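J.: output the structure for:
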Amino acid sequence: MYYLGVFEEQIGAVVPLVYINIAGFLLIVILAFLFMAFLWIWRRNKLIITDEHIVDIDQLGLFNRKVSTLQLENIQDVTAKVSGPMQTIFQYGTLLIQTAGERENFVIDYVAEPYELKLYILEVRKKYRHENEYHSPL
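T.: I've put the predicted structure just below:
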């Protein structure tokens with residue numbers, strides 16, 4: 001915009017200013033659409049922890065979604081990882097859940113407060129195992 005203001009006469013002689021205004025408007029509309037799409041995809045990612053399962057919902061694009069489910073009884077280990085200054089400042093990171101099932105690692109990226117979530121998952125798993133010890137048939 002600064003360049004256009006300084007050299008308006010030279011640019012206006014080559015390209016009509018109406019076309020430049022239309023191109024600028026279209027650029028703003030495209031950027032707004034991309035921002036809204038990014039926000040929509042980010043908001044659709046979810047991690048749901050129940051008393052029996054962990055469900056990871058990843059929105060991979062506007063029309064592409066992956067849902068992964070993990071039973072608490074299959075959890076062997078939970079690791080929280082925070083790497084770099086941005087993740088440390090904004091307190092987000094990666095959660096790695098090792099399982100006994102067919103899927104070796106359950107990786108959940110960009111999790112808020114990963115250390116607290118790790119402790120919560122381990123606590124829920126402990127409670128789940130404790131409850132099922134006494135209710136399992138012999």
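J.: could you pick out the longest helix of this protein?
T.: If you go by DSSP state H, the chain has its longest helix at helix 17-44.
J.: elements contacting it?
T.: Counting contacts by 3 or more Cβ pairs under 8 Å, 6 or more residues apart in numbering; DSSP states H and E, helix 17-44 is packed against helix 8-14, strand 53-61. (Glycine included, C-beta is placed from N, CA and C.)
J.: need the mean per-residue confidence for the first one.
T.: Averaged across helix 8-14, the pLDDT comes to 72.
J.: tell me how many other residues surround residue 121.
T.: 20 (other Cβ atoms under 10 Å).
J.: okay, and the nearest residue to it once chain neighbours are set aside sits in which element?
T.: Spatially, and ignoring its direct neighbours in sequence, residue 121 is nearest to residue 78 (5.2 Å; Cβ to Cβ, 6 or more residues apart in numbering). Using DSSP states H and E, residue 78 sits within strand 75-81.
J.: swap in residue 129?
T.: Counting by DSSP H and E, residue 129 is part of helix 114-135.
J.: buried set for that helix?
T.: 114, 117-118, 121, 124-125, 128 (16 or more other Cβ atoms under 10 Å).
J.: ok, which pair from these is furthest apart?
T.: 114 and 128 (20.5 Å; Cβ to Cβ).
J.: quick one, what contacts residue 51?
T.: By Cβ atoms under 8 Å, 6 or more residues apart in numbering, the contact set of residue 51 is 72, 124, 127-128.
J.: quick check, nearest of those to residue 28?
T.: Using Cβ to Cβ, these come closest to residue 28 at residue 124, 46.2 Å.
J.: okay, that closest one and residue 80: tell me how far apart.
T.: 15 Å (Cβ to Cβ, to the nearest Å).
J.: tell me what the nearest residue to residue 79 once chain neighbours are set aside is bridged to.
T.: Closest residue to residue 79 apart from its sequence neighbours, by Cβ to Cβ, 6+ apart: residue 96 at 4.3 Å. Using DSSP bridges, the beta-bridge partners of residue 96 come out as residue 79, residue 107.
J.: residue 96 touches residue 111, doesn't it?
T.: No: using Cβ atoms under 8 Å, residue 96 is not in contact with residue 111; the gap is 10.3 Å.
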